[in-house]
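A.B. asks: Build me a model:
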Amino acid sequence: MKKIFEISKWEFLEKVRTKAFILSLIITPALVILISIGGTLISSTEEESTKMIGILDPSMSYYYPLLQNLQNYTIEKGKPAYIVLNLNQTTNSLEQNIKDADSEVIENKLSGYVLIQKFSPDSISVEYRSKSVGNFKDVQRVEDAIEEVRIDLSLSKLGVNPDLLKSSLKKINISEITIKEGSKAHKADFITEFLSSIIFIMLLLMMIIYSGQMLVRSLVEEKSNRLIEILVSSCSPEELLAGKILGLSALGLFQRLIWASIGIALAGSAMIPSSAFSNAAIMLVYFILGFLFYTALFVGIGSIVTTEQEAQQITSYLSLMLVLPIAISASAISNPDSVLVQVLSYIPFTLPAIMLLKINVIDVPTPEIITTVGIMILSIYITIIAASKIFRIGILSYGKKPGLKELISWIWEK
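C.D. replies: Numbering: from 1, shown residues only. Prediction:
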């Protein structure tokens with residue numbers, strides 16, 4: 001046992017001092033923060049100043065209602081989001097008015113303008129003319145306002161009070177309440193719970209890829225420079241295997257703890273709803289079981305590959321197993337009882353990620369939790385036994401990579 005801890009300590013200290021680890025510890029959260037802050041700044045500065053927009057409506061049927069509607073939008077400190085100008089010069093033709101309005105947009109005197117042409121009492125054409133095609137928010141607001149005005153005008157012609165109809169058609173918001181056995185009913189926050197599940201899966205994916213590739217790379221490097229022979233001469237292959245798993249697992253957990261601390265410190269505990277941690281304990285169990293299962297697989301793989309390229313290819317294929325639950329997350333949540341989701345819930349390669357996805361958004365029965373945890377524990381036990389047998393022979397094997405038949409013979413060898 002002492003040798004196992006010595007090996008794990010050596011693995012941890014050797015890797016934690018490398019430039020690659022230190023850079024990843026700093027650069028990864030820095031990039032995430034930069035992207036998050038950058039996106040926030042862009043969205044917050046999108047409407048820092050009031051926009052000048054025009055309305056060109058020769059019929060003047062839509063101008064005043066549209067003006068009142070757009071004046072309801074405000075920006076920081078209650079400033080109006082838009083200053084609306086009437087571009088309809090009655091002394092000019094429509095073509096001349098359009099030409100003059102286009103010139104004002106090109107000269108940046110206007111952010112854009114709305115051109116409304118009425119062909120018949122029931123037929124109009126609306127254009128939002130600007131220098132760019134990315135004014136999604138402005139276009140949507142104008143579209144909503146014109147639709148509202150059009151409906152009001154149509155109802156008024158029929159003698160129907162538009163306000164009365166709006167009151168009758170007022171949208172009703174339905175609150176989702178989650179009912180679970182043995183606990184009080186509470187208001188569901190689907191977005192928070194769904195995202196917390198995805199975050200756990202992404203953390204598991206990142207940790208497996210990072211730690212697994214580091215473990216495989218370490219074994220390939222030690223095999224290539226014959227260091228593995230010196231290590232095996234002073235300890236058993238099983239002790240070396242256990243030490244490497246413990247050391248690199250501790251390294252991965254250390255890195256995630258640093259990132260989590262940075263994230264919590266920046267976000268503030270008030271910004272993280274308590275519902276996001278309601279199932280943290282059982283989610284952590286699946287997280288750890290998934291990590292141990294894949295780590296054991298990587299150990300077996302790392303002991304038989306001889307080049308970095310082979311290691312990267314095989315680890316990439318294994319990591320794709322964890323991407324699958326993310327790809328089907330939407331359908332898995334909308335229909336958790338589907339045959340595909342149920343099957344993937346009992347396959348060790350996809351079980352941890354699928355259960356991390358399900359556990360936070362639906363009430364998973366206790367027998368299913370016990371069964372899936374048992375499957376993972378059994379799978380880890382079998383995988384570790386197989387990996388240790390492959391590891392014992394594979395770490396001292398050089399040259400051609402062993403085939404499937406040879407690997408099976410190693411596993412069955414006593």
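A.B. asks: Would you map the strands across the stretch 1-150 of the chain?
C.D. replies: 51-56, 82-86, 112-120, 123-130 (DSSP state E, counting those that start in this stretch).
A.B. asks: What is the distance between the third one and the centre of its chain?
C.D. replies: Going back to what we said before, that points to strand 112-120. Strand 112-120 sits 41 Å away from the centroid of its parent chain (C-alpha atoms, centre = their mean, to the nearest Å).
A.B. asks: Repeat that for stretch 95-113.
C.D. replies: Using C-alpha atoms, centre = their mean, the mean C-alpha position of stretch 95-113 is found 42 Å from that of the whole chain.
A.B. asks: Quick check: closest non-adjacent residue to Gly300.
C.D. replies: Ala387 (3.7 Å; C-beta to C-beta, 6 or more residues apart in numbering). (C-beta placed from N, C-alpha, C; glycine too.)
A.B. asks: so which helix or strand takes in the one you found?
C.D. replies: Assigned by DSSP states H and E, Ala387 belongs to helix 366-394.
A.B. asks: Now find how far off-centre that helix is within its chain.
C.D. replies: For helix 366-394, the distance to the chain centre is 29 Å (C-alpha atoms, centre = their mean).
A.B. asks: Where does pLDDT dip in the stretch 301-414 of the chain?
C.D. replies: Applying pLDDT under 70 to the stretch 301-414 of the chain flags the ranges 303, 305-308, 311, 334, 394-404, 406-407, 410-411, 413-414.
A.B. asks: Please identify the most buried of the strands of the stretch 1-150 of the chain.
C.D. replies: strand 51-56 (a mean of 21; mean count of other C-beta atoms under 10 Å).
A.B. asks: Now do that strand against strand 123-130, angle only.
C.D. replies: If you take axes from the mean of the first three to the mean of the last three C-alpha atoms, to 10 degrees, strand 51-56 sits at 150 degrees to strand 123-130.
A.B. asks: Quick check: mean pLDDT of strand 51-56?
C.D. replies: Strand 51-56 shows a mean pLDDT of 90.
A.B. asks: which strands and helices sit next to it?
C.D. replies: Applying 3 or more C-beta pairs under 8 Å, 6 or more residues apart in numbering; DSSP states H and E, one finds that strand 51-56 makes contact with helix 63-70, strand 82-86, helix 94-106, strand 112-120.
A.B. asks: and if we set it to 10 Å?
C.D. replies: Packing partners of strand 51-56 (3 or more C-beta pairs under 10 Å, 6 or more residues apart in numbering; DSSP states H and E): helix 63-70, strand 82-86, helix 94-106, strand 112-120, strand 123-130, helix 136-157.
A.B. asks: CA-only coordinates of stretch 375-393 in CSV, if you can.
C.D. replies: Coordinates of each C-alpha in stretch 375-393 appear next as CSV, following Å, rounded to 0.1, in the frame of the first residue of the first chain:
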residue,chain,number,x,y,z
ILE,A,375,-24.1,-2.2,-12.9
MET,A,376,-21.4,0.5,-12.7
ILE,A,377,-19.7,-1.0,-9.7
LEU,A,378,-19.7,-4.5,-11.3
SER,A,379,-18.4,-3.0,-14.6
ILE,A,380,-15.6,-1.2,-12.9
TYR,A,381,-14.6,-4.4,-11.0
ILE,A,382,-14.5,-6.4,-14.2
THR,A,383,-12.8,-3.6,-16.2
ILE,A,384,-10.1,-3.2,-13.5
ILE,A,385,-9.4,-7.0,-13.5
ALA,A,386,-9.2,-7.1,-17.3
ALA,A,387,-7.1,-3.9,-17.4
SER,A,388,-4.7,-5.1,-14.8
LYS,A,389,-4.1,-8.3,-16.7
ILE,A,390,-3.6,-6.4,-20.0
PHE,A,391,-1.4,-3.9,-18.1
ARG,A,392,0.8,-6.6,-16.5
ILE,A,393,1.8,-8.0,-20.0
